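Asker: let's see this in three dimensions:
(one chain, ligands or ions: 1)
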Amino acid sequence: MSVSVDGLEQALLQGASALGVDLQPHQRRQLLDYLALIGKWSRVYNLTAIRSPEEMLTHHLLDSLAVVEPLRRHAAGRPLRVLDVGSGAGLPGVVLAICCPEFAVDCVDTVAKKAAFVQHVAASLRLPALRGVHARVESMGASYDLVCSRAFASLQDFVALTQARLAPGGAWMAMKGRRPEDEIAAVSPRAQVFHVEPLTIPALDAERCIVWMRPREVLT
Ligand SMILES: C[S@@+](CC[C@H](N)C(=O)[O-])C[C@H]1O[C@@H](n2cnc3c(N)ncnc32)[C@H](O)[C@@H]1O
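Answerer: Numbers count the residues shown, from 1 in each chain. The predicted model follows:
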């Protein structure tokens, strides 16, 4: 990496603080080690198109860190079982596992080498509650309190492919760019969008939001 680790750490600290995320020293180290692992394994596994450490910090780490506080607020102290669908290199699942060790986080991807990378991260960074799962989400069996995704699919497809993965009382959290009006309008009647939460990512001049959804109660 061409950028000094101190410079990256400073940028991470400033970004986390702007996002209201209080990082312990070991979590800072884990996040920077995760960044370094992505950089190292991208050369072999092609995990991300972004190669520069500064860009990876803003576009991947800070972008994922931005959902930590909204998710904690949603959890309200409960130790959630979280599924990150189409996790790729582990975004946002690995960041959630580092920042919220009280959550059990499964990162599922159809590409074996991506799931293997997440397993490698879990072992290297000693994150016992993190798992990389190689599967198509629609063929999985487990259920989760929160199903999240980033850059995975339209809201409509996300809901259709993962509805069976939600535990009773569970919710979806989709990370999106600009508020996706068309996708919101096309969401299945079986799901209800209950909140669209705008996000501001430090040092990233782009619109971001979280679309929160839950199954609509069917009246019988
Ligand atoms: C654009 S990438 C996003 C990766 C990561 N979430 C991120 O933000 O960088 C979408 C990922 O979804 C995975 N994927 C596509 N369909 C899937 C399915 N049905 N089940 C699980 N993963 C899937 C792909 O292999 C790919 O790694």
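Asker: C-alpha only now, for contacts and for neighbours.
Answerer: Will do.
Asker: now do the contacts for Leu199.
Answerer: Applying C-alpha atoms under 8 Å, 6 or more residues apart in numbering, we find Leu199 in contact with Ala66, Glu207, Arg208, Cys209, Ile210.
Asker: which positions in this protein make contact with the ligand?
Answerer: 85-88, 91, 108-111, 136-137, 149-152 (C-alpha under 6 Å from any ligand atom).
Asker: just the buried ones from those?
Answerer: Buried residues within the residues of the chain next to the ligand, counting neighbours by 16 or more other C-alpha atoms under 10 Å: Val85, Gly86, Ser87, Gly88, Leu91, Val108, Asp109, Thr110, Val137, Ser149, Arg150, Phe152.
Asker: where does the fifth one fall, phi/psi-wise?
Answerer: The one in question is Leu91. phi -120, psi 120 (degrees, to the nearest 10).
Asker: for the residues of the chain next to the ligand, work out which two are farthest apart.
Answerer: In the residues of the chain next to the ligand, the most distant members under the criterion C-alpha to C-alpha are Leu91 and Arg136, with 16.8 Å between them.
Asker: ok so, going back, okay, and which of the residues of the chain next to the ligand map to helices?
Answerer: Judged by DSSP state H, helices contain none of the residues of the chain next to the ligand.
Asker: from those, which is closest to Met175?
Answerer: Met175 lies nearest to Arg150 out of the residues of the chain next to the ligand, by C-alpha to C-alpha, at 4.9 Å.
Asker: the nearest residue to that closest one once chain neighbours are set aside: neighbour count?
Answerer: Nearest residue to Arg150, sequence neighbours excluded (C-alpha to C-alpha, 6 or more residues apart in numbering): Met175, at 4.9 Å. Met175: 26 surrounding residues under other C-alpha atoms under 10 Å.
Asker: Met175: helix or strand, and which one exactly?
Answerer: Mapping Met175 onto the secondary structure by DSSP states H and E places it in strand 166-176.
Asker: in that strand, what's buried?
Answerer: Buried, per 16+ other C-alpha under 10 Å, within strand 166-176: Leu166, Gly170, Ala171, Trp172, Met173, Ala174, Met175, Lys176.
Asker: equivalent analysis for stretch 73-85, please.
Answerer: Leu80, Arg81, Val82, Leu83, Asp84, Val85.
Asker: again with stretch 207-220
Answerer: Neighbour-count burial for stretch 207-220 [16+ other C-alpha under 10 Å]: Arg208, Cys209, Ile210, Val211, Trp212, Met213, Arg214, Pro215.
Asker: go on, stretch 176-186?
Answerer: Buried, per 16+ other C-alpha under 10 Å, within stretch 176-186: Lys176, Arg179, Ile184.
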